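# predicted coordinates and the sequence they were generated for:
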Amino acid sequence: MTRTPIAVIGGLIGFFFYVAAVLAVSDSVVKLHWIIQAVFFVVTGFVWVFPVRWLMLWAAGKR
C-alpha cells in the first residue's frame, strides 16, 4: 500500500477529531470577550495547517 491512501485516511480522521475538539472548546470561548474569540478562532483556524503540511510531505515521500 502506498503512502497516499494512508495519509488521506489518517488526515480525514485527524481533521474530524480536530474539528470536534475545537467545537467543544468553542462553546466556552463564545461567552468571552470578542478579542479573545477572534484570537481563538484565528489560531485554531491556522494551526491545523502544520500537521497537514507534514502529512502531505510524508505522503509524497519527501520526508
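It's in. If you're wondering where the values come from, they're calculated on a predicted model, not measured in any experiment.
# need the residues that contact the strand or helix carrying residue 37.
Per DSSP states H and E, residue 37 falls inside helix 34-47. By CB atoms under 8 Å, 6 or more residues apart in numbering, the residues outside helix 34-47 that reach it are 22, 25-26, 29-30. (Each C-beta comes from the backbone N, C-alpha and C, glycine too.)
# ok, those residues vs residue 13, which is closest?
Within those, distances to residue 13 taken as CB to CB reach their minimum at residue 22, with 15.2 Å.
# relative to residue 57, how far out is the residue nearest to the closest one when sequence neighbours are not counted?
With sequence-adjacent residues excluded and distances taken as CB to CB, 6 or more residues apart in numbering, residue 22 is closest to residue 44, at 4.8 Å. Using CB to CB, to the nearest Å, residue 44 is found at 22 Å from residue 57.
# distance-wise, check residue 49 relative to residue 30.
Taken as CB to CB, the span from residue 49 to residue 30 is 23 Å.
# run through the strands of the chain in chain order.
Counting by DSSP state E, the chain forms no strands at all.
# need the longest helix for it.
helix 3-29 (DSSP state H).
# buried stuff in that helix?
7, 11, 22 (16 or more other CB atoms under 10 Å).
# residue 62: which of these is nearest?
Nearest to residue 62, judged by CB to CB, of the buried residues of helix 3-29 is residue 7 at 12.1 Å.
# can you count the residues close to the closest residue to the closest one other than its chain neighbours?
With sequence-adjacent residues excluded and distances taken as CB to CB, 6+ apart, residue 7 is closest to residue 59, at 3.5 Å. Per other CB atoms under 10 Å, the neighbour tally for residue 59 reads 18.
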